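[1] what's the 3D shape of this:
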Amino acid sequence: MSDEVLVERRGAIQVITINRPEVKNALNAKVAEAIAAAVDELDASDDLRVGVLTGAGGTFSAGMDLKAFLRGESPAIEGRGLCGIAMTPPRKPLIGAAEGWALAGGFELLLACDLVVAARTARFGVPEVKRSLVARAGAALTLPRRVPFAIALELLLTGESITAVRAAEIGLVNRLTDEGGALKGALELAETIAKNGPLAIAATKQIARSSADWTMEQGWAKQAEITAPVFASADATEGATAFAEKRAPVWQGR
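    Numbers count the residues shown, from 1 in each chain. Predicted coordinates for the structure are as follows:
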């Protein structure tokens, strides 16, 4: 991994930290490649259940590194989008932990996460239209799916930022913390998720993320296809057995 992205394991949780505080964690090619490699490790590891993505120095990310852009760099990975997760998110849950600013590409990176924990003092925005640009790394596509359409358009067309408190009110933020507490809050949420059956978690995420593209008829058929192996798994048997025996389950991921 690049020194510009730090990756550590905390039990079953992988913590990915964008480590460029001197430039407000601006996104360049090295950051993109390192984040993509980290989420690949998250999905490949039997020991990791949940990922947490955050930024060092009190900022999530101020967006694309414009100096790197002028050198011909891009924070997008071919076929995978921004930092390798916008178009092809990991199979396992990814939680964004936001302090300070999450702007432009930084906000779009946060939108690529499944869940968001943010400090009340954090601010989010997609100011691209102010420079006659388009938020094409995910915001223009995903915001209308995450919040009411009129609110999504307001954010996209005005380019104005909003507070984390307002973001929570409209459903973009799952949990609010005091300043400096976003990572701790994200880890607590991740630990709650990680206690559950890993096969069930991955299947549930797949269905939830894909359902908007399916008709209801397709949805029932696709859901049956995705969930059949889960119900036939050793973990499903273990979950029922542990419940009957009044003990904590021991998951094997199979």
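
[2] What is the three-state secondary structure of the residue nearest to the spatial centre of the chain?
    In the chain, the centroid-proximal residue (CA atoms, centre = their mean) is C113; its distance is 1.4 Å. Assigned state for C113: coil (three-state reduction, DSSP: H, G, I helix; E, B strand; the rest coil).

[3] That one touches P90, doesn't it?
    No. Using CB atoms under 8 Å, C113 is not in contact with P90; the gap is 9.8 Å. No exception for glycine: its C-beta is placed from N, CA and C like everyone else's.

[4] secondary structure class for V52?
    What three-state DSSP gives for V52 is strand.

[5] which residues does it contact?
    13-16, 94-97, 183, 186-187, 190 (CB atoms under 8 Å, 6 or more residues apart in numbering).

[6] what's the answer for L183, then?
    15, 52, 54, 97, 99.

[7] Highest neighbour count among those?
    A97 (31 neighbours; other CB atoms under 10 Å).

[8] Quick one: name whatever helix or strand follows the host helix or strand of that one.
    According to DSSP states H and E, A97 maps onto strand 94-98. Going down the chain from strand 94-98, the next helix or strand is strand 101-103, by DSSP H and E.

[9] what packs against that following strand?
    strand 123-125 (3 or more CB pairs under 8 Å, 6 or more residues apart in numbering; DSSP states H and E).

[10] got the CA positions of the strand holding A97 in PDB?
    Listed next in PDB are the C-alpha coordinates belonging to strand 94-98 (Å, rounded to 0.1, in the frame of the first residue of the first chain):
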ATOM      1  CA  LEU A  94     -18.100  -0.300   3.600                       C
ATOM      2  CA  ILE A  95     -18.700   2.500   6.100                       C
ATOM      3  CA  GLY A  96     -17.600   6.100   5.500                       C
ATOM      4  CA  ALA A  97     -16.300   8.000   8.600                       C
ATOM      5  CA  ALA A  98     -16.400  11.700   7.800                       C
END
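
[11] How about residues contacting it?
    39, 42, 50-55, 60, 85, 102, 109-110, 112-119, 122, 124, 164, 173, 182-183, 185-187, 189-190.

[12] now that strand, how far from the centre of its chain.
    6 Å (CA atoms, centre = their mean, to the nearest Å).

[13] Relative to it, what are the paired strands and their orientations?
    Take DSSP bridges as the rule and strand 94-98 pairs in its sheet with strand 50-55 (parallel), strand 115-119 (parallel).

[14] Could you give the average pLDDT over the last one?
    Just to be clear, that refers to strand 115-119. Mean pLDDT, strand 115-119: 98.

[15] what's in contact with that strand?
    In contact with strand 115-119 (CB under 8 Å, 6+ apart) are residues 93-100, 110, 164, 167-168, 172-182, 185-186, 189.

[16] Please name the spatially closest residue to the residue nearest to the centre of the chain (chain neighbours excluded).
    In space, and not counting its chain neighbours, C113 is closest to G96: 3.6 Å by CB to CB, 6 or more residues apart in numbering.

[17] confidence score at L27?
    In this model, L27 carries a pLDDT of 96.

[18] That one touches T59, doesn't it?
    No. Look at L27 against T59 with CB under 8 Å: they stay out of range, at 11.9 Å.
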